[in-house]
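> need the 3D shape of this:
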Amino acid sequence: MSTRSVPDQAPGHPQERPSGPTAGCLPGPLVDIGWLGPRLGAERLVLLDASVGAHRGVAERLPGARPFDLDGELSDPAAPVPHTLPGADAFTAAVRGLGLDDEDTVVVYDAAGIYSAARAWWMLRAMGFDRAAVLDGGLPAWREAGLPVEPRPAAYDGPRGSFSARPRAGLFAGGAEVLGALSDPAAVVLDARARGRYAGTAPEPRPGLRGGHMPGAVNLPFGDLLRDGLMRPANELQEVFHAAADRGQRLYFSCGSGVTACVLALGAHLAGHRDLAVYDGSWSEWGLPSALPVVTGEEPGAAHADAPAQEPTAH
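As a prediction, this is how the structure comes out:
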């Protein structure tokens, strides 16, 4: 089991190191069980469980973890497609309901490993909160190491927090912006879905959606960024993204409903890319019957990393 913590690779951003028994500063957007274990229960350290789908109902949690419910109140219920970012007021209310304060440090995980936790991390960043990281390997890695778990309650019932959203422009993109990016040489769209769905040879799990992909989008299944349930090292992620895009390009990420696209955003961030945006509607929006262009088959520039694709559900 790896015990590495992955530092922020941004040039000009020196690594910050925790320096005491409290949560301290995160070493980067990804932490491992070796970093989190000794800090369990630290003052102002908040654990969030961002599991989705079948994993949302697991019976166990990391001690004290609170449910960041992407299938519930932390997606916009009025949106026509799933997993849409709520507005700032609704997001603030939901996160305050989890007891989160602006001064807290957050580690978010999911019960699948590396799957939906990155979505919560990216949403927090989009709402102006930077003291958050994803737990590498999630609940499976925690269990494998023999670390403590406890029964998962139905809801958080502690005090409300003081969190206030401060939305940042540009971290999420709509369909019109993504359409323009497809013909912009300064941008590239990366599709995190499995290769069969990208090519249109496998059916879409959501009814009513067209098969295939956006013309010019590069297929990079999110599982290609993982090895043994953990994120691949930064140098390998750099190679993966170098094969898919140039360093100076703005990267757009799409998937089934904007969840695993955020795994690509996390991987690109670890690889040193900073001009990043997640297509919130993703294929749940683009794949609907419309005039938006869809093609099938493999694109000549599709990125194929040396790792098996993993896509357990439709996200």
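
> hey, let's count contacts and neighbours off CA atoms from now on
Fine.

> may I have the residues that are in contact with Ser162?
By C-alpha atoms under 8 Å, 6 or more residues apart in numbering, Ser162 lies in contact with Arg96, Gly99, Leu100, Asp101, Asp102.

> nearest spatial neighbour of the third one, skipping sequence neighbours?
Read it as Leu100. In space, not counting the residues next to it along the chain, Leu100 is nearest to Gly161; the distance is 4.6 Å by C-alpha to C-alpha, 6 or more residues apart in numbering.

> on the three-state scheme, the residue nearest to the spatial centre of the chain is what?
Against the mean C-alpha coordinate of the chain, by C-alpha atoms, centre = their mean, the closest residue is Ala118 at 2.3 Å. When states are read from DSSP: H, G, I helix; E, B strand; the rest coil, the local structure at Ala118 comes out as helix.

> so how far is Pro293 from it?
In this view, Ala118 and Pro293 are 28 Å apart by C-alpha to C-alpha, to the nearest Å.

> still on that earlier bit, now the residue nearest to the centre of the chain: how far from Leu264?
Here Ala118 is placed at a distance of 9 Å from Leu264 (C-alpha to C-alpha).

> and Asp157, by the same measure?
Counting by C-alpha to C-alpha, the gap from Asp157 to Leu264 is 33 Å.

> surely Gly272 meets Leu237?
No - Gly272 sits out of contact with Leu237 when judged by C-alpha atoms under 8 Å, with a separation of 9.2 Å.

> of the two, which one has the most company?
The neighbour comparison of Gly272 against Leu237 (other C-alpha atoms under 10 Å) goes to Leu237, with 23 against 18.

> and the one helix or strand that one maps to, what does it pack onto?
With elements delineated by DSSP states H and E, Leu237 resides in helix 234-244, which encompasses its position. On a contact count with 3 or more C-alpha pairs under 8 Å, 6 or more residues apart in numbering; DSSP states H and E, helix 234-244 meets helix 261-270.

> next, count neighbours for Thr75.
Careful, residue 75 is Ser and not Thr. By other C-alpha under 10 Å, the residues close to Ser75 number 20.

> my read: it touches Ala88, true?
No - checked against C-alpha under 8 Å, the pair Ser75 and Ala88 is beyond contact range at 11.5 Å.

> enumerate every residue touching the spatially closest residue to Gly216 that is not a sequence neighbour.
Computed as C-alpha to C-alpha, 6+ apart, the closest residue to Gly216 that is not its neighbour in sequence is Leu182, at 6.0 Å. With contact taken as C-alpha under 8 Å, 6+ apart, Leu182 is in contact with Val188, Val189, Met214, Pro215, Gly216, Ala217.

> among those, which one lies nearest to Trp122?
Proximity of the contacts of Leu182 to Trp122, judged by C-alpha to C-alpha, is greatest for Val189, which lies at 17.3 Å.

> neighbours of the closest one, how many?
Counted with other C-alpha under 10 Å, the burial measure for Val189 works out to 29 neighbours.

> list the contacts of it.
Val189 makes contact with Val178, Ala181, Leu182, Gly216, Ala217, Val218, Leu251, Tyr252, Phe253, Ser254 under the criterion C-alpha under 8 Å, 6+ apart.

> of those, which belong to strands?
Val218, Leu251, Tyr252, Phe253, Ser254 (DSSP state E).

> which one (most neighbours) among those?
Ser254 (33 neighbours).

> ok, Arg125 to Arg56 distance?
When C-alpha to C-alpha is the yardstick, Arg125 and Arg56 sit 22 Å from each other.

> what's the answer for Val240, then?
Note on Val240: its distance to Arg56, by C-alpha to C-alpha, is 30 Å.

> follow-up on the earlier one: among the contacts of Leu182, who's most crowded?
Each of those was scored by neighbour count (other C-alpha under 10 Å); the top score is that of Val189, with 29 neighbours.

> which SS class is that one?
Val189 ends up strand, using three-state DSSP.
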